[in-house]
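A.B. asks: Structural data only, the sequence is not supplied:
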């Protein structure tokens, strides 16, 4: 392994900027580990074509690339203006008309997509438009109209988002449109489905049940972007498979000053509960229009890596930006630089006690050995990726090569930090033979060299899910022979 292996993952959003021939190939070569389909934009046919392209490129290049479908959720937006946009001045009056027959907007009023808004706000509330660029103070509510005072000068254009400072809007997480999108995601065979604006564990469980009913085994991603989600953070993390720090709407609802601390809290809670965590929104935003990131963006990405996030996400940078490939290349370089600053030391006294799963106990034992003897890698022979997930939570100094015969399992491991999924078929092999064969395969791939010591985790029943109960310490001998280590 002469070249450093990048441990953290990159999730890139597909869009018009990635549709040109060869761009997806270049993105994957640059370092993308998983792709995001933003169901707020585009058609089912466009999403299907992008999935087909990714699958074809991944197969051709031998890469394991996960696909994430991001549901729009109940995003509240203003409606349209007669002239497309208006200029607002601080101190002027402005009315949100919450009716289906609201007239085209002007400098005094505009329609609102959420007809329940008048019942959710009271005088004194602050409403934020266009990611907080324009603020409104609620003065009074009259029928379907919310009368307000403009707090900040600015230009407001069609269909901009609306949030209430502090949260509290009574919208459910899954709309009728989302339910239809889940069915589409199931047909496309995506690996992850992201639930926008979730408020509680019940939102996650509903999405999971809808996905299963549609025939999808996708992992469910909880996007933390509401103030209510912070109040219910632990139960949401426990219910989800993956957690996303969605910093856009979250920053608007809870205030930007609180965002850095909350990002660290969400990452910490996710890792502690064995959940994969993604940090998202405007990570390299300037690269939508520029070929290099700002120093502040570099520090932002690096700090998320040092805090322990599994993956960092690119949105408009790749979906619609002018430099999608350069954005991925920059992200990869920043990740590698940050990983050199990351301390791989597990506090075993603070680690979870009273473990009930054998595979989690084996993972902890593997981490202990990794920190006390010289190891080049951990090899996890896994059916579903569960053992690899536990191994990745302990942030070992050694990389985790997760070998599975199932395409779906390998793609679901694409967002796990420190984990490198590789195809390997254990059928017909005894546990000992499978362990040695796996080590020989990694040697043949150039990932291990003579003299490297590795730990192998597997189970007595090779084709049984959740059966990991064994650790083996092996060494690569001359001519690629694999031998058990008899002495340290």
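C.D. replies: Received it, and whenever you're ready, just let me know what you need. Note that this is a predicted model, so its numbers are computed, not measured.
A.B. asks: Where does the record place the domain boundaries for this protein?
C.D. replies: According to automatic domain parsing, the chain is divided into the following domains: 9-73+172-339, 85-164, 358-484.
A.B. asks: SS state for residue 473?
C.D. replies: For residue 473, the secondary-structure state derived from DSSP: H, G, I helix; E, B strand; the rest coil is strand.
A.B. asks: now residue 17
C.D. replies: Going by three-state DSSP: residue 17 is helix.
A.B. asks: quick one on the thing from earlier: among the domains of the chain, which is nearest residue 79?
C.D. replies: Proximity of the domains of the chain to residue 79 was assessed by Cβ to Cβ; the nearest stretch is domain 85-164, lying at 3.3 Å. Backbone N, C-alpha and C define where each C-beta goes, glycine included.
A.B. asks: end-to-end on the closest one?
C.D. replies: Taking Cα to Cα, to the nearest Å as the measure, domain 85-164 stretches 22 Å from start to finish.
A.B. asks: model confidence over it, on average?
C.D. replies: Looking at domain 85-164 alone, the average pLDDT works out to 96.
A.B. asks: Am I right that residue 116 is in contact with residue 76?
C.D. replies: No: with contact defined as Cβ atoms under 8 Å, residue 116 and residue 76 do not form a contacting pair (9.6 Å).
A.B. asks: what sits in contact with each of those two?
C.D. replies: Residues touching both residue 116 and residue 76 by Cβ atoms under 8 Å, 6 or more residues apart in numbering: 169, 171.
A.B. asks: that older thread, output the domains of the chain in a markdown table; the columns should cover mean neighbour count.
C.D. replies: A markdown table is the format used below for the domains of the chain (neighbours: other Cβ atoms under 10 Å):
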| stretch | mean neighbour count |
| --- | --- |
| domain 9-73+172-339 | 20 |
| domain 85-164 | 17 |
| domain 358-484 | 20 |
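A.B. asks: center of this structure, which residue is that?
C.D. replies: Closest residue to the average C-alpha location of the chain: residue 278 at 3.5 Å, with Cα atoms, centre = their mean.
A.B. asks: Please, which helix or strand holds that one?
C.D. replies: In this assignment (DSSP states H and E), residue 278 forms part of strand 276-280.
A.B. asks: For that strand, report the contacting residues that lie outside it.
C.D. replies: Looking at what lies outside strand 276-280 - Cβ under 8 Å, 6+ apart - the contacts are 11, 221, 241-247, 263, 266-267, 270-271, 304, 308-313, 315, 389, 392, 415-417.
A.B. asks: Would you mind checking the average pLDDT for it?
C.D. replies: For strand 276-280, mean pLDDT is 98.
A.B. asks: So what's the gap between it and the chain middle?
C.D. replies: On the basis of Cα atoms, centre = their mean, to the nearest Å, strand 276-280 is displaced by 4 Å from the centre of the chain it belongs to.
A.B. asks: what angle sits between the next helix or strand after that strand and strand 276-280?
C.D. replies: Read in the C-terminal direction, the helix or strand following strand 276-280 is helix 295-307, with elements assigned using DSSP H and E. Put simply, helix 295-307 runs at 170 degrees to strand 276-280, going by axes from the mean of the first three to the mean of the last three Cα atoms, to 10 degrees.
A.B. asks: Following helix 295-307 in sequence, what is the next regular element?
C.D. replies: Moving toward the C-terminus from helix 295-307, the first helix or strand encountered (DSSP H and E) is strand 311-314.
A.B. asks: Determine the set of other helices and strands touching the next helix or strand after that following strand.
C.D. replies: Moving toward the C-terminus from strand 311-314, the next helix or strand (DSSP H and E) is helix 316-319. With contacts defined as 3 or more Cβ pairs under 8 Å, 6 or more residues apart in numbering; DSSP states H and E, the secondary structure elements packing on helix 316-319 are strand 9-13, helix 324-339.
A.B. asks: for this protein, which spans come out with low pLDDT?
C.D. replies: Counting by pLDDT under 70, the chain shows low-confidence ranges at 1-3, 344-354, 460-467, 486-488.
A.B. asks: mind redoing it with 80?
C.D. replies: Along the chain, the parts satisfying pLDDT under 80 run over 1-4, 170, 342-359, 395-396, 459-469, 479-480, 483-488.
A.B. asks: biggest helix in it by residues?
C.D. replies: Scanning the chain for the longest helix, with DSSP state H as the assignment, gives helix 44-61.
A.B. asks: Can you tell me which helices and strands that one packs against?
C.D. replies: By 3+ Cβ pairs under 8 Å, 6+ apart, helix 44-61 packs against helix 23-30, strand 34-38, strand 66-70, helix 176-188.
A.B. asks: quick one on the thing from earlier: closest one to residue 451 among the helices and strands packed on helix 316-319?
C.D. replies: The stretch from those with the least distance to residue 451 (Cβ to Cβ) is helix 324-339; that distance is 24.2 Å.
A.B. asks: how far off helix 23-30 does that closest one point, in degrees?
C.D. replies: Orientation check (the same axes, to 10 degrees): helix 324-339 against helix 23-30 gives 20 degrees.
A.B. asks: tilt between helix 324-339 and strand 9-13?
C.D. replies: Compare the direction of helix 324-339 with that of strand 9-13 by the same axes, to 10 degrees and you get 160 degrees.
A.B. asks: what helices or strands is helix 324-339 leaning on?
C.D. replies: strand 9-13, helix 23-30, helix 295-307, strand 311-314, helix 316-319.
A.B. asks: Let me have the ones you listed in JSON lines, adding distance to residue 445 as columns.
C.D. replies: Listed next are the helices and strands packed on helix 324-339 as JSON lines, based on distance: least, Cβ to Cβ, whole Å:
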{"stretch": "strand 9-13", "distance to residue 445": "20"}
{"stretch": "helix 23-30", "distance to residue 445": "18"}
{"stretch": "helix 295-307", "distance to residue 445": "26"}
{"stretch": "strand 311-314", "distance to residue 445": "24"}
{"stretch": "helix 316-319", "distance to residue 445": "29"}
